[in-house]
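1. Kindly generate the corresponding structure for this input.
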Amino acid sequence: MSSAAELADPQARPLRAWQRSALARYLATQPQDFLAVATPGAGKTTFALRVASELLADRVIDALTVVTPTEHLKYQWAESAQGAGIALDPDFRNAAGGTSRDFHGIAVTYAGVAAHPMLHRNRTENRRMLVILDEIHHAGDARSWGEAVAEAFDPAARRLALTGTPFRSDDNPIPFVEYVPDAEGAPRSRADHSYGYAEALADNVVRPVVFLAYSGTSNWRTSAGEEISARLGEPLTREQTAMAWRTALDPAGDWMPAVLAAADKRLQSHRDGGMPDAGGLVIASDQTTARAYAAILHRVTGDRPVVVLSDEAGSSDRIAEFARSQERWMVAVRMVSEGVDVPRLAVGVYATSASTPLYFAQAIGRFVRSRRPGETASVFLPSVPVLLQLANELEAQRDHVLGKPQRPDETWNDEEVNEANRQSDEPDEQDKGFTSLGADAELDHLIYEGTTYSADEEDYLGLPGLLEPEQVRTLLSRRQEEWVAKGSPRTGAQARATPATEPTPPPPAERGPVSVRERLATLRKELNTLVALHNHKTRKPHGKIHNELRAHCGGPPVAMASIEQLEERIATLRSWR
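-> Residues are numbered from 1 along each chain as shown. Predicted coordinates:
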């Protein structure tokens, strides 16, 4: 085990620029409380362990306690600490009350602290203690957790709080976090050091993430026996969106197999294009669908994916084994969340109904960890407004604001959407009234750095996995220009000079007859491409553009529009350019 002096050696573990800056600020001020907010993958653990090393070397503290959200993270922290020469006991149990003197400290969960706060208070009082509160927002999960953390660690000599995702939207103050009035007088959390995704991307600390939003027409039957058809990504009511979303995620339909097959093709391109060990992760809503998705992946790839369920023994070991292996896919429920470190994850499928900013940021954080310059990440997700908004705002930094909602779009209610999307292992009365009739899938558009791009699925899925951020931006722009040129039967000038009701010329006869279904699919794709371009130009949401077209041209939603109605909307939208 390394000595305290060795731990403090600045050459022992080189720090990134943001870590050096945060460490310098910490050592200069020597605060009792310090809050570091850094994007997932930036290296919060390394920063915290360097602080611990410095304080141990200077004998400011005698011991440390690391508090984590999950059991798995206790062991991950202990392994990282061992690499830094700090011995942590992740097997500490409240019943034992103590640990070997050979350890510098312990790693426990927030739930473990809440189970016996006085025990941890006594440990904190008896030694000069540094408490590292990993993902501190979890102390606001429930009043009992926050109260337990406050009681247990109030006597600590030093407290270092870490978080990498947006704080929760509830009104439970987070212990040891300072709140200051914002411009509107609402208490807002104040970080001592912040390092966002945009900064980390510019510094090549994290990977660029490209989101592939898949739409498609969903069909379901209500409890009243009414059959409904709706298309993801188009203006719908909250209930229609939720049901269309739920239908798309149904493993018995066609949407998930199509998206998983596309994701596996993208994974193979990563492996062939410079990331030979690239792995994929499917994030499922519950155990039943996780197992069903795993079966689909087995059929698609010929390999059995790793399945990680939160309440099964050995889940942490399976995650660790997957991280070290060359296996292609892992399917998980809840276990793979914030802090879980699998650096080779390059492709994700967001196949869950969870839609809070916190959960979304946690999930995407699994794919941004950079190992070397040029690695990119690809995340497949349903073309649902709330998810598209979160993908567009990936670079936004949020604080915890008491008494104010965190979601800017007040029309969305997470509980309502999640309940409508819920795929329970124990069906209830609501499930008996809903019947999924299937859904098809097609690539709607791409999102990168908050900008929407249109692209053909085949053009994008085969791109190499090693691209610098500027190369990604340039390539997507060029693909979009090529797609518009290829998919446009008329130039913009021709469209403006042609009456809006004139139909698009039919395809050449030598290509053979085109069915009504194929013609509708082609027109829908062309319309969605033009909507994406209009979004890129005006920054208006896709749904608002579709609504404006319907108001101008009349007719039903796109999923039910006729060939003539779609042609009119295409001509109208071209005239707006």
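
2. how close does the residue nearest to residue 213 when sequence neighbours are not counted sit to residue 42?
-> Excluding its sequence neighbours, the residue lying closest to residue 213 (C-beta to C-beta, 6 or more residues apart in numbering) is residue 383, at 4.2 Å. From N, CA and C alone the C-beta is placed, and that goes for glycine too. When C-beta to C-beta, to the nearest Å is applied, the distance between residue 383 and residue 42 equals 29 Å.

3. and what of residue 554?
-> 50 Å.

4. Give me the more crowded residue out of these two.
-> Using other C-beta atoms under 10 Å, the more surrounded residue of residue 554 and residue 42 is residue 42, with 27 against 10.

5. Remind me which helix or strand the closest residue to the more buried one other than its chain neighbours belongs to.
-> Using C-beta to C-beta, 6+ apart and skipping residues adjacent in sequence, the residue nearest residue 42 is residue 200, 5.1 Å away. Of the helices and strands defined by DSSP states H and E, residue 200 is found in helix 197-202.

6. Which helix or strand contains residue 391?
-> Using DSSP H and E, residue 391 sits in helix 385-392.

7. avg pLDDT for that helix?
-> Across helix 385-392, pLDDT averages out at 86.

8. Equivalent analysis for stretch 139-149, please.
-> Throughout stretch 139-149, pLDDT has a mean value of 80.

9. Give me the buried stretch members for it, please.
-> Judged by neighbour count (16 or more other C-beta atoms under 10 Å), stretch 139-149 contains these buried residues: 139, 140, 141, 145, 146, 148, 149.

10. Tell me which of the residues you listed fall in helices.
-> Counted as lying in helices by DSSP state H, out of the buried residues of stretch 139-149, are 145, 146, 148, 149.

11. Return the member of those nearest to residue 263.
-> Set against residue 263, the nearest of those by C-beta to C-beta is residue 145 (35.7 Å).

12. can you tell me which residues contact that closest one?
-> With contacts taken as C-beta atoms under 8 Å, 6 or more residues apart in numbering, residue 145 has the following neighbours: 110, 111, 113, 114, 138, 139.

13. switch to 6 Å and redo it
-> Residue 145 makes contact with 110, 114, 139, according to C-beta atoms under 6 Å, 6 or more residues apart in numbering.

14. Throw the residues you listed into JSON lines and include distance to residue 237, thanks.
-> Converted to JSON lines, the contacts of residue 145 look like this (distance: C-beta to C-beta, whole Å):
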{"residue": "110", "distance to residue 237": "38"}
{"residue": "114", "distance to residue 237": "40"}
{"residue": "139", "distance to residue 237": "37"}
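
15. Which of the buried residues of stretch 139-149 sits closest to residue 32?
-> When these are compared for distance to residue 32 (C-beta to C-beta), residue 149 comes out closest, at 15.0 Å.

16. I figured that closest one hits residue 175, correct?
-> Yes. Checked against C-beta atoms under 6 Å, the pair residue 149 and residue 175 is within contact range at 4.8 Å.

17. overlap in contacts of these two?
-> Taking C-beta under 6 Å, 6+ apart as the contact rule, residue 149 and residue 175 both touch residue 139.

18. is it true that residue 281 lies in a strand?
-> Yes. Under the criterion used here (DSSP: H, G, I helix; E, B strand; the rest coil), residue 281 sits inside a strand.

19. Can you get me a residue count around it?
-> Around residue 281 there are 26 other residues, counting by other C-beta under 10 Å.

20. For residue 318, see how far away residue 80 is.
-> Separation of residue 80 from residue 318 (C-beta to C-beta) stands at 19 Å.

21. So in this structure, which strand runs the longest?
-> Under DSSP state E, the strand in the chain containing the largest number of residues is strand 209-221.

22. Helices of the stretch 301-450 of the chain, start to end?
-> When assigned using DSSP state H, counting those that start in this stretch, the helices of the stretch 301-450 of the chain occupy the ranges 315-324, 357-364, 385-392, 414-421, 429-432.

23. what comes up buried for the helix or strand encompassing residue 256?
-> Using DSSP H and E, residue 256 sits within helix 255-272. Residues of helix 255-272 classed as buried: 255-264, 266-271 (neighbour count, 16+ other C-beta under 10 Å).

24. Can you tell me which of these is closest to residue 130?
-> For the buried residues of helix 255-272, the residue nearest residue 130 by C-beta to C-beta is residue 270; the value is 39.7 Å.

25. and the gap between the residue nearest the centre of the chain and residue 380?
-> Of all residues in the chain, the one closest to the mean position by C-alpha atoms, centre = their mean is residue 364, 2.6 Å from it. From residue 364 over to residue 380 the distance is 12 Å, taken as C-beta to C-beta.

26. per the record, what domains does this structure have?
-> Per automatic domain parsing, the structural domains of the chain span 4-201, 207-396+414-464, 488-576.

27. out of these, nearest to residue 475?
-> Using C-beta to C-beta, the nearest of the domains of the chain to residue 475 is domain 207-396+414-464, at 6.9 Å.

28. From the chain's centroid, how far away is the closest one?
-> On the basis of C-alpha atoms, centre = their mean, to the nearest Å, the separation between the geometric centre of domain 207-396+414-464 and that of its chain is 10 Å.

29. And the pLDDT at residue 170?
-> Taken from the predicted model, the pLDDT recorded for residue 170 is 59.

30. now residue 543
-> Per-residue confidence (pLDDT) for residue 543: 77.

31. Next up, identify which helix or strand it is on.
-> Using DSSP H and E, the secondary-structure element containing residue 543 is helix 542-553.

32. And for residue 252?
-> Secondary structure from DSSP H and E places residue 252 outside every helix and strand.

33. if we can go back for a sec, so for residue 476, which of the domains of the chain sits nearest?
-> Within the domains of the chain, the stretch nearest residue 476 is domain 207-396+414-464; the backing value is 4.6 Å (C-beta to C-beta).
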